[in-house]
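Colleague: kindly generate the corresponding structure for this input.
(2 chains)
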Amino acid sequence: MFSTSVLSLARIQFAFTVSFHIIFPALSIGFACFITVLEGAWLKTGQQVYKDLCLFWSKIFALAFGMGVVSGIVMSYEFGTNWARFSSFAGGVTGPLLAYEVMTAFFLEAGFLGIMLFGWNRVGRIAHFAATALVAIGTLISMFWILASNSWMQTPQGYAVVDNRVVPLDWWKIVFNPSFPYRLAHMGIAAFLVGALVVAAIAAWHLLRGRRDPAIRKMFSMALWLLLALAPLQILVGDMHGLNTRRYQPIKIAAIEGLWDTEKGGTALNLFGIPDMATETTRYRLSVPHLGSLILTHSWDGEIVGMKSVPAADRPNSTLVFWTFRVMAGLGLLMAAMALTAAVQRWRGRLYDSRMFHRFVLLMGPSGLISLLAGWITTEAGRQPWVVYGVLRTSEALSPTITAQQVGVSLLGFVVVYSLVFGTGIYYIFKLAGSGPTASPDTDPPAGPDSHARAFAIARGTAPIGSPLKAPTGHR
Amino acid sequence: MDITICWAAIIALGIWMYIVLDGFDLGIGILYPFFPNAHDRDLMMDTVAPVWDGNETWMVLGGACLYAVFPMVYSVVLSALYLPLLLMAMCLIFRGVSFELRAKARRTRHLWDLAFIGGSAGATFFQGVVLGAYLSGIPVSNGQFAGHAFDWLTPFSVFTGLALLITYALLGCCWLIAKTDGDLQRRLYRVVLPLTALQLATIAIVSLWTPLLAPMFASRWLDPVLLHRLLPVPVLVAACTWGMWRAVRARRDILPFMLALGFVLLGYIGLLVSVWPHAILPGITIWQAAAPRSSQMFTLVGALFIIPIILAYTMLGYWVFRGKSKHAELHYH
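Modeller: Model (predicted):
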């Protein structure tokens, strides 16, 4: 009933706005938790370097958070404007989950963000730390609800369809649906990886420019420790997520692997290939026998269902997800390799000296965001043609009266506005990052009584704002 | 009490909080053109910098609760008002980012001033248009929007768009009076009474225009029982006006803002009376538009528990940043 152009335009618009949006919450989650740790470390040790880093990252966080808020508002309207049938069909489940996100997360973040950013002189140190921690907790709660909603759309359960709309029956089952724990863990770790890679890259940039002060070294070191813990863990969680997907969305896995036929006696893994949707083959295959079964079933000859087992209309775009998955997984392996290299460099005492390694870390800065986007494209394009898996097709979710002109014009508007606004925002994030944290005069301080007292005085609002400990970084 | 009525009340509260709180934020942007001095503008923006984000969240709450509890209203109203809502969202993008970017920019600061003005005024105008279009009624069939893409554009909706600019400007002006002092505050006092006069005129015009929109409004407003109960409203409007005049003469700090809230509250009550018990005008009641009971119940448990907590820490936030704003003190940039 719709021309395909409206559907494609609406999908492109959603993909564009949500891809832009997800960058900022992912950064916010990582940065907010990092800042909380920094402020906690400052409270505990009194070392100025933590306070300097805390203020530096707060500025970058504020920008990223602001971008996330405003780009998110667009998302919350798009469900109704472009996808009205989805909203009226599935709103009974996704609506309450979104409402809980607003009530438990958005308000918490927004309510304490003011104190976190502007309240240094208005509240005590512990109260300020509490505000920072609450903002960070808010970002995590937000992730919980939105992933519950997304996971329910991927692996729906606990509902009935009555009068052509979803009626929730068991909220526990709805929230803790089969793919939710895996997706939550995978995305949570991804957000921390994104943050850690950006922090490490900015530190690497300053190291390459010759800065060796404690703040730079500290953030480089902290980020790489975190990467060492999380990058290998992410591979493990990703593997578990894959097993879960094979169980509940087998065709998505077939599309990711470019598998057409259900093979007996073990399936090979296509390392390279170009799945061709029209001819139902994967061209230029370069495959390793049995590796597919080994990875996806953890057995030598486990069966993996091929795409031909469902009608052509029910298959996702394998050409796309085959490659987005490989970009994500490839970068993930590279991250783990980088973290291990860092551990070796640290052990050899060359962590702050190897220019080669610093260049590598700098180059890897955006890799977290790229693999985050590639991963989301894989999982979202991979569940097509369904918007609620097996229940509602994406083509049935559009608003009834929507026209190609409306969606086309608004898409154009979004492209222009986003490029302008978020382009500028990202420019200032780079600029702030480039100026780096304040280099405190007291190099590598064992919390001297003097510095401690001054820091305390500033936090209590009894010292002037322009005092050297909180010197501005050149802006304003 | 009926759970659906409970929800209608919560959403009405959410919209009220939004109008009041983001109303003065947006009003500051609307007033910006009349205060070209850079230092004044810094101060004006600082009065809301720590709180604007929380204020805007009330709109997201309204939208999310609508989506959760009245998914039909959400899908119909948002399809019907596609363009004004998207334009509003884009304006809110410009307004929102200019808080951060204006502070960072040096050479391009005047551009972010413009973004703040355009974003604030535009978002306000389109919110007013949405209100007017909603009051004018939306055709529905089979639970889906059944009108045309430009049905929302009427003289009435354009007028309500302009009227909301006045309302938010008045709220913004009175907020600033409470949060500033000295020369800036003196100049703000001069703007209050003209704005109040304009506000009175818009209230009068909308009150006269609404009954003409649909016979339903006319019969409701001319119902003798209701008319009798609403008799105090014009008296209260007059009292607010008189109070405002006195408060400005006496250079009161906080009273003008309270009286501006009085105007908005009286207008809002009038609006609710007109619409009740409809979710979409004409003809679809809140019960017809409601989500399954299990969705309403699940969300209500949380809302009744969490919204009071939200109100508490929102007040805490305002308490922390109480008193007159001082530019130098606030800036972490």
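Colleague: okay, and the helix or strand of the chain with the least pLDDT?
Modeller: You didn't say which chain, so I picked chain A. Least confident helix or strand of chain A, by mean pLDDT, DSSP states H and E, is helix A:449-460 with a mean of 41.
Colleague: show me how far stretch B:88-101 is from its chain's centre.
Modeller: Chain-centre distance of stretch B:88-101: 17 Å, with C-alpha atoms, centre = their mean, to the nearest Å.
Colleague: I should have written stretch A:358-378 there, sorry.
Modeller: Stretch A:358-378 sits 11 Å away from the centroid of its parent chain (C-alpha atoms, centre = their mean).
Colleague: list the buried residues for that stretch?
Modeller: Going by neighbour count (16 or more other C-beta atoms under 10 Å in any protein chain shown), the buried part of stretch A:358-378 is A:358, A:360-362, A:364-365, A:367-369, A:371-378. From N, CA and C alone the C-beta is placed, and that goes for glycine too.
Colleague: stretch B:153-169 too?
Modeller: For stretch B:153-169, by 16+ other C-beta under 10 Å, it's B:156-161, B:163-169.
Colleague: other residues contacting that stretch?
Modeller: Outside stretch B:153-169, the residues that touch it by C-beta atoms under 8 Å, 6 or more residues apart in numbering or on different chains are B:23-24, B:26-27, B:30-31, B:120-121, B:124-133, B:135-136, B:195, B:198-199, B:202, B:205-206, B:209, B:213, B:263-264, B:267.
Colleague: could you rerun that using 6 Å?
Modeller: Contacts of stretch B:153-169 with the rest of the structure, by C-beta atoms under 6 Å, 6 or more residues apart in numbering or on different chains, involve B:23, B:26-27, B:30-31, B:124-125, B:127-129, B:131-133, B:136, B:195, B:198-199, B:202.
Colleague: mind listing the strands for the stretch 101-250 of chain A?
Modeller: Assigned by DSSP state E, counting those that start in this stretch, the strands in the stretch 101-250 of chain A fall at A:159-162, A:165-168.
Colleague: and if you look at the stretch 251-400 of chain A?
Modeller: A:269-276, A:281-288, A:386-388, A:392-393.
Colleague: parallel or antiparallel, which strands does the first one pair with?
Modeller: Within its sheet, and counting by DSSP bridges, strand A:269-276 is paired with strand A:281-288 (antiparallel).
Colleague: check which helices and strands the longest helix anywhere in chain A sits against.
Modeller: Assignment by DSSP state H gives helix A:4-45 as the longest helix of chain A. With contacts taken as 3 or more C-beta pairs under 6 Å, 6 or more residues apart in numbering or on different chains; DSSP states H and E, helix A:4-45 sits against helix A:48-81, helix A:125-154, helix A:180-208, helix A:367-382, helix A:404-435.
Colleague: out of these, which gets nearest to A:T282?
Modeller: helix A:367-382 (15.7 Å; C-beta to C-beta).
Colleague: contacts for the closest one?
Modeller: Applying C-beta under 6 Å, 6+ apart, the contact partners of helix A:367-382 are A:19, A:23, A:26, A:190, A:193-194, A:197, A:252, A:255, A:316-317, A:320-321, A:324-325, A:327-328, A:331-332.
Colleague: select only the buried ones of those in ChimeraX?
Modeller: Listed next is the ChimeraX selection for buried residues among these, using 16+ other C-beta under 10 Å:
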select /A:23,26,190,193,194,197,252,255,316,320,321,324,325,327,328,331,332
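Colleague: any chance of the buried residues of stretch B:153-169 in a markdown table, plus distance to A:A439, secondary structure and pLDDT?
Modeller: Formatted as a markdown table, the entries for the buried residues of stretch B:153-169 read as follows, by distance: C-beta to C-beta, whole Å; DSSP: H, G, I helix; E, B strand; the rest coil; pLDDT from 0 to 100:
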| residue | distance to A:A439 | secondary structure | pLDDT |
| --- | --- | --- | --- |
| B:F156 | 61 | helix | 91 |
| B:S157 | 56 | helix | 92 |
| B:V158 | 56 | helix | 94 |
| B:F159 | 58 | helix | 93 |
| B:T160 | 55 | helix | 93 |
| B:G161 | 51 | helix | 94 |
| B:A163 | 54 | helix | 93 |
| B:L164 | 49 | helix | 94 |
| B:L165 | 48 | helix | 94 |
| B:I166 | 51 | helix | 93 |
| B:T167 | 49 | helix | 93 |
| B:Y168 | 44 | helix | 94 |
| B:A169 | 46 | helix | 94 |
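Colleague: got the contact list for residue 133?
Modeller: I'll assume chain A. Counting by C-beta under 6 Å, 6+ apart, A:A133 touches A:T36.
Colleague: other chain: chain B
Modeller: Contact analysis of B:A133 by C-beta under 6 Å, 6+ apart lists B:81, B:152, B:157.
Colleague: what do you get for A:P385?
Modeller: Contacts here follow C-beta under 6 Å, 6+ apart; on that basis A:P385 touches A:393-394.
Colleague: single out the most deeply packed of the strands of the stretch 101-250 of chain A.
Modeller: strand A:165-168 (a mean of 22; mean count of other C-beta atoms under 10 Å in any protein chain shown).
Colleague: CA atoms of that strand as CSV?
Modeller: Only the C-alpha atoms of strand A:165-168 are listed here, as CSV (Å, rounded to 0.1, in the frame of the first residue of the first chain):
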residue,chain,number,x,y,z
ARG,A,165,-2.3,-4.4,19.1
VAL,A,166,0.1,-5.8,21.6
VAL,A,167,-1.3,-6.4,25.1
PRO,A,168,1.4,-7.0,27.8
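Colleague: that strand pairs with which strands, and in what direction?
Modeller: In the sheet, strand A:165-168 lines up with strand A:159-162 (antiparallel) (DSSP bridges).
Colleague: show the average pLDDT along the strand it pairs with.
Modeller: Summarised as a single mean, pLDDT over strand A:159-162 is 89.
Colleague: and it, how far out from the chain's middle?
Modeller: 32 Å.
Colleague: out of the strands of the stretch 101-250 of chain A, flag the one nearest A:G72.
Modeller: Closest among those, using C-beta to C-beta: strand A:165-168, at 23.6 Å.
Colleague: what residues does the closest one touch?
Modeller: Here strand A:165-168 makes contact (C-beta under 6 Å, 6+ apart) with A:89-90, A:92-93, A:159-160, A:174, B:292, B:294-295.
Colleague: again, 7 Å this time
Modeller: Identification of contacts with strand A:165-168 by C-beta atoms under 7 Å, 6 or more residues apart in numbering or on different chains yields A:88-90, A:92-93, A:158-160, A:174, B:292, B:294-295, B:298.
Colleague: swap in stretch A:322-336?
Modeller: A:193, A:197, A:227, A:231-232, A:234-235, A:238, A:255-256, A:258, A:273, A:275, A:364, A:367, A:370-371, A:374-375, A:377-378.
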